[in-house]
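Enquirer: Okay, predicted coordinates and the sequence, questions at the end:
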Amino acid sequence: MGAGKYDRLINLMRSTKTEDGVGQPIETFSSLKEKVPAKHNPISDGERLHGGGVFSSVSDRFRIRWSNIVSDLNPKDRVQYNGKDYDIVGVKEIGRRKELEITASARVDV
């Protein structure tokens, strides 16, 4: 895929476990790699009723170049794009160490 196809920038966030002030484990996210060139493809959007409230969600796919830094990207990690935090649903290697396809979803408060 030529460089022109990667027309968006995303941030990849790594899930880490830390402790709060009273020793309880909490999940935080730190930067794995910033300003990663990506191809963006919206998949779906929709509204759901949950806990008495309505919220919207979007599902998107991102394609990035494969590198050693992102080779172990997994559903515990996150994608930041366009002001939203996306939970990673799945990661597939495309070609032999050519690209990664990331499927992710984000909740959009209504």
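Expert: Noted; the coordinates are in hand. Residues are numbered from 1 along each chain as shown.
Enquirer: Give the bridge partners for the most centrally placed residue in the chain, please.
Expert: Residue closest to the average C-alpha location in the chain (C-alpha atoms, centre = their mean): Val79, at 2.4 Å. Beta-bridge pairing for Val79 (DSSP bridges): Leu12, Tyr86.
Enquirer: What does the pLDDT read for it?
Expert: On pLDDT, Val79 comes in at 98.
Enquirer: Quick one: mean pLDDT for the one helix or strand His40 maps to?
Expert: Element membership of His40 [criterion: DSSP states H and E] is strand 25-50. Averaged over strand 25-50, pLDDT sits at 86.
Enquirer: wait, what's in contact with Leu73?
Expert: Applying C-beta atoms under 8 Å, 6 or more residues apart in numbering to Leu73 gives the contacts 12, 32, 88, 91, 100, 102. For every residue, glycine as well, the C-beta is placed using N, CA and C.
Enquirer: hmm, who's touching stretch 16-36?
Expert: The set of residues external to stretch 16-36 that reach it, using C-beta under 8 Å, 6+ apart, is 9-15, 64, 69-70, 73, 77-78.
Enquirer: In PyMOL, select just the buried ones from these.
Expert: Buried residues within those, by 16 or more other C-beta atoms under 10 Å, are selected in PyMOL with:
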select buried, resi 10+11+12+13+14+64+70+73+77+78
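Enquirer: mind putting the contacts of stretch 16-36 in TSV, distance to Pro42 included?
Expert: Shown next, in TSV, are those (distance: C-beta to C-beta, whole Å):
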residue	distance to Pro42
Leu9	16
Ile10	14
Asn11	18
Leu12	19
Met13	20
Arg14	25
Ser15	24
Ile64	16
Ile69	26
Val70	21
Leu73	20
Asp77	20
Arg78	18
